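In: no sequence for this one, just the structure:
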């Protein structure tokens, strides 16, 4: 056998997902494709379709695996508020680490086992806060939507030509000249608006959501 002969690894879902995550990690939004996976695995790209129906199914499976790692690494011993704060921060970090998979977080429905574990994790935290069933769901939707919004925005900024680290990303890049006579409030706020950083805005908004959840739970407990 010639020295240039390649040894093919037996393909299964785990092997393909491991290669997909390796390609996706810090690789940009276009890092993951069937063609690139075939090259990484040393196989005909079409062989991947024997294990996954299409790229959407593969990407969702990769997302599920990432969420499993995220849940497993979460400190469930933390009080509910710190637990949700840490989970939100880690979620942003994961989205930025896997920009080729991050859009699936926004578009997918929680059907994978580890996606469902992530839903359970957040609902349990709001239950531990003392919220009733419907309130748990209400705050779950608000919390997840908020985190996903910032995750998508952070990934988008990362891909821009003038990307800066997440804590230093400006909330507003710039604004055109503002007519003072028409927009006195904007004019007065402009220096503060331009000084805002996305991470600080993210933490401030998350504090408001969790403050509201805490106040709702306290109100329910005394009524």
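Out: The structure has been received and is ready for your questions. Nothing here was measured: the structure is a model prediction, and the numbers come from that model.
In: so what's the residue nearest to residue 40 when sequence neighbours are not counted up against?
Out: The spatially closest residue to residue 40, leaving aside those adjacent along the chain, is residue 19, at 4.8 Å (Cβ to Cβ, 6 or more residues apart in numbering). The way it works is simple: take the backbone N, C-alpha and C, and place the C-beta from them, glycine included. Contacts of residue 19 were listed using Cβ atoms under 8 Å, 6 or more residues apart in numbering, and they are 37, 40, 41.
In: so what's the second one up against?
Out: Shown in contact with residue 40 (Cβ under 8 Å, 6+ apart): 19, 22, 23.
In: Give me the pLDDT value at it.
Out: For residue 40, the pLDDT comes out at 89.
In: just to confirm, which helix or strand has it in it?
Out: Here residue 40 sits within helix 34-41, counting by DSSP states H and E.
In: C-terminal to the helix or strand of the chain with the lowest mean pLDDT, what's the next element?
Out: The helix or strand of the chain with the poorest confidence is helix 102-107; it has a mean of 64 (mean pLDDT, DSSP states H and E). Towards the C-terminus, the helix or strand next in line after helix 102-107, according to DSSP H and E, is helix 113-128.
In: That next one: how far from the chain's middle?
Out: Using Cα atoms, centre = their mean, to the nearest Å, the distance from the centre of helix 113-128 to the centre of the chain it belongs to is 15 Å.
In: Now it: buried residues?
Out: 114, 115, 117, 118, 121, 122, 123, 125, 126, 127, 128 (16 or more other Cβ atoms under 10 Å).
In: Equivalent analysis for stretch 57-72, please.
Out: Residues of stretch 57-72 classed as buried by neighbour count (16+ other Cβ under 10 Å): 58-68, 70-71.
In: Which members of the residues you listed occur in helices, if any?
Out: The helices in this structure, assigned by DSSP state H, contain 58-68, 70-71 from the buried residues of stretch 57-72.
In: Need the residues you listed in TSV (columns: pLDDT).
Out: Below are these laid out as TSV (pLDDT from 0 to 100):
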residue	pLDDT
58	90
59	89
60	88
61	91
62	91
63	89
64	91
65	91
66	91
67	91
68	92
70	92
71	94
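In: Pull the most distant pair out of the buried residues of stretch 57-72.
Out: By the measure Cβ to Cβ, the buried residues of stretch 57-72 have their two most distant members at 58 and 71, which lie 20.7 Å apart.
In: Quick check on residue 178: phi, psi?
Out: When read as degrees, to the nearest 10, the backbone of residue 178 gives phi -110, psi 120.
In: Repeat that for residue 170.
Out: For residue 170, the backbone dihedrals are phi -70, psi 140 (criterion: degrees, to the nearest 10).
In: likewise the one 3 residues further on?
Out: Backbone geometry at residue 173, expressed as degrees, to the nearest 10, gives phi -60, psi -50.
In: Relative to residue 54, how far out is the residue nearest to residue 40?
Out: Counting by Cβ to Cβ, to the nearest Å, the separation of residue 19 from residue 54 is 17 Å.
In: and what of residue 199?
Out: As defined by Cβ to Cβ, residue 199 lies at a distance of 35 Å from residue 54.
In: between the two, which one's more packed in?
Out: Relative neighbour count places residue 199 above the other of residue 199 and residue 54, with 18 against 10, counting by other Cβ atoms under 10 Å.
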